[in-house]
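Novice: give me coordinates for this.
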Amino acid sequence: MQISKILNNNVVITEKDQAEVVAMGRGLAFGKKIGDQIAVDKIEKFYTLKGDESSRVDELLAGIPDDIFLITDKVITLAKEKIPGKINDSLFLSLADHINATQLRAQEGFVIKNFLLWDIKRFFPTEFSIGKKAVADISDKFDLPHLLETDNEAGFIAMHIVNSELGRGESSASELTKLMEEMLTIVKYSLKVAINEEYIFFQRFVTHLKFFSERVLLDDNVDMNNDGSGSLKRYKKKSFDWYKEVITSNGAVL
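Specialist: This next block holds a predicted model:
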């Protein structure tokens, strides 16, 4: 495998199966230059680049410390364990860039408030818990204990993970969170009930709400029966436009 870009001694860009990949491994690029071959047995992890990501590698990853790549890899590995089959490799680029920007801001004492934090904790507890572990690693590695004083950054990292699950633009997680909050509000006011959010059935409801909201944002549905049979083709359900009207009218059509 031939090196096309060197990010640091442990991270390079190369090609695998006719696609550009980020390859990680201890000392992978030590003493190497662009065009040199690297030993496959030294590669510990691959992240496949898609679309315009290849052209953005230098812009996003140039100058990022190796510790950031290690933390990013640790976060993605944990996310893939906790949320199997849904994490896209493109998360590596955006998350590494975000974590690096976070530690740089924190060094200067800047903290960005996450206005969706409350909803993130309610709707995406798994992603949020991963974000908390990531912030602990960032704080420990770069000696930034004040990062642990709020959950703002854990929420931002959780949003990056949700974006990866959706496989859409960077605003997808925000759209999903707002849509879920709107539908939950409709349920509360149309049924005139108080919902105990600590109750296990609330978490089950939120899970269904999340899947439904994803389909609304993706504007599709999958033809699959409970036993796994079906064409597996995606199509818009007849009820799609009705649900959309309910949401956009804040329940006025009910």
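Novice: okay, CA-based contacts and neighbour counts for the rest of this
Specialist: Will do.
Novice: Provide a list of residues in contact with the residue nearest to K45 when sequence neighbours are not counted.
Specialist: Nearest non-adjacent residue to K45, counting by CA to CA, 6 or more residues apart in numbering: M24, 5.2 Å away. Applying CA atoms under 8 Å, 6 or more residues apart in numbering to M24 gives the contacts 10-12, 43-46.
Novice: and M24, backbone torsions?
Specialist: Backbone torsions of M24, given as degrees, to the nearest 10, read phi -120, psi 140.
Novice: what's opposite it in the beta bridge?
Specialist: When assigned by DSSP bridges, M24 has beta-bridge partners V11, K45.
Novice: could you pick out the buried ones from the contacts of M24?
Specialist: 10-12, 43, 46 (16 or more other CA atoms under 10 Å).
Novice: can I get the contacts of M24 in a markdown table including distance to D97 and pLDDT?
Specialist: Formatted as a markdown table, these follow (distance: CA to CA, whole Å; pLDDT from 0 to 100):
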| residue | distance to D97 | pLDDT |
| --- | --- | --- |
| N10 | 17 | 89 |
| V11 | 14 | 89 |
| V12 | 16 | 89 |
| I43 | 22 | 89 |
| E44 | 21 | 90 |
| K45 | 18 | 88 |
| F46 | 17 | 87 |
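Novice: can you redo those as TSV with distance to S164?
Specialist: Formatted as TSV, the contacts of M24 follow (distance: CA to CA, whole Å):
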residue	distance to S164
N10	24
V11	22
V12	22
I43	24
E44	22
K45	18
F46	17
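Novice: what's the pLDDT at the residue nearest to T48 when sequence neighbours are not counted?
Specialist: Nearest residue to T48, sequence neighbours excluded (CA to CA, 6+ apart): V21, at 4.3 Å. You'll see V21 listed with a pLDDT of 88.
Novice: list the contacts for the residue nearest the centre of the chain?
Specialist: For the chain, I161 is the residue whose C-alpha lies nearest the centre (CA atoms, centre = their mean; 1.5 Å). Shown in contact with I161 (CA under 8 Å, 6+ apart): 79, 87, 91, 127.
Novice: do you know how far the nearest residue to the third one once chain neighbours are set aside is from K188?
Specialist: In space, L91 comes closest to S164 once its chain neighbours are excluded; the distance is 5.8 Å by CA to CA, 6+ apart. S164 sits 30 Å away from K188, taking CA to CA, to the nearest Å as the criterion.
Novice: again, but for L60
Specialist: Relative to K188, L60 is positioned 43 Å away (CA to CA).
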